[in-house]
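# Output the structure for:
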Amino acid sequence: MRRTWLKPWIFLALLTTLGTTACSGNGDGVVLFSVEDDIALGQKVAEQTDSTYRAKNQLLERNVTANQRAYALLDGVVAKVLSSNELQYRNQFPWDVKIIKDDEIQNAFATPGGHIYVFSGLIKFLETEDQLAGVLGHEIAHADRRHTSRSLQKEFGISFLLSLLLGENPNQLAQIATSLGQLRFSREYEVEADDYSVRYLNGTPYSCDGAAGFFVKAAAQAGTTVPEFLSTHPNPGTRVEAIQAKAKELNCAGRTTDNAGFKELQSRL
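You can find the predicted model right below:
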């Protein structure tokens, strides 16, 4: 479908007019982008993120033979999570996942529109494929529930993001790309991402409380080396209980998963 762009001042005027009826549900007054804008912004941010980590020689390229087996293993986990009927934008978003080689950083983040980045340090920190699936589910939820785009709008302002979509301020894309790994979500968004991680894993071979296992291990490190993931995803004590309660409600916890592929993935990083 051909898309016609509005001139910036017209678009901003429309947003001002519609602001009272097109706001996010958490009462923060943020007007949401369209899904198409999520996809467009996500593509721009992903290209900048790729460029940033490629320049540092940290982006594991999919077309490099040595990386292809690791990606085949990771893609297999992602495909199972994405098979859930709970996703709103399963067919609209690209849902590509890329690995950043940095064993010192235990983090993952999502752009608007479904581009997921996982640091090798996080994959090596995890103990089971269930935990990896749970963390991926959490990040997929942030993109699919549009938490990332809403939080970026709140932090940077809608006019700034619109300027990026309209091809203005291209140098500022680096600021957005850099901020994603440190983006702090509201408690509401974190709770919802936890909840949907469980829902996504229901119907897969995984124990659907996998994210809880990660949080338990990460919390045990408090006071020593706390994973980067927890600095951007605060971990109130009730989150593990909530994940486990949801898994019990759906009767999808306690499954036994073969971790041979996951251990191979870790060894290839």
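# helix, strand or coil for the residue nearest to Arg62 when sequence neighbours are not counted?
Distance criterion Cβ to Cβ, 6 or more residues apart in numbering; nearest residue to Arg62, sequence neighbours excluded, is Tyr71 at 5.4 Å. C-beta: built from backbone N, CA, C; applies to glycine. Following DSSP: H, G, I helix; E, B strand; the rest coil, the label given to Tyr71 is helix.
# Count residues in the vicinity of Tyr71, would you?
20 (other Cβ atoms under 10 Å).
# For the remainder of this discussion, apply numbering that starts at 6.
Got it, first residue is 6 now, which makes that one Tyr76.
# what's near enough to touch it?
The contact partners of Tyr76, by Cβ atoms under 8 Å, 6 or more residues apart in numbering, come to 65, 67, 104.
# how many neighbours does Val69 have?
That count, for Val69 with other Cβ under 10 Å as the rule, works out to 10.
# Report the separation between it and Leu170.
Applying Cβ to Cβ, to the nearest Å, the value for Val69 to Leu170 is 32 Å.
# returning to that earlier point: of the contacts of Tyr76, which is the nearest to Gly218?
Of all these, Gly218 sits closest to Ile104, with 20.9 Å by Cβ to Cβ.
# and the closest one, what element?
Assigned by DSSP states H and E, Ile104 belongs to strand 101-105.
# got the CA positions of the helix or strand encompassing Ala51 in CSV?
Using DSSP H and E, Ala51 sits within helix 40-60. Taking Å, rounded to 0.1, in the frame of the first residue of the first chain, the C-alpha atoms of helix 40-60 are listed here in CSV:
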residue,chain,number,x,y,z
VAL,A,40,2.0,0.4,13.9
GLU,A,41,3.6,1.4,10.6
ASP,A,42,5.5,4.2,12.4
ASP,A,43,6.7,1.6,15.0
ILE,A,44,8.0,-0.5,12.1
ALA,A,45,9.6,2.4,10.3
LEU,A,46,11.3,3.8,13.4
GLY,A,47,12.4,0.3,14.5
GLN,A,48,14.1,-0.2,11.1
LYS,A,49,16.0,3.0,11.4
VAL,A,50,17.1,2.3,15.0
ALA,A,51,18.1,-1.2,14.1
GLU,A,52,20.2,-0.1,11.3
GLN,A,53,21.9,2.4,13.6
THR,A,54,22.4,-0.2,16.3
ASP,A,55,23.9,-2.6,13.8
SER,A,56,26.3,0.1,12.6
THR,A,57,27.3,1.0,16.2
TYR,A,58,28.2,-2.5,17.3
ARG,A,59,29.6,-3.4,13.9
ALA,A,60,32.1,-0.5,14.3
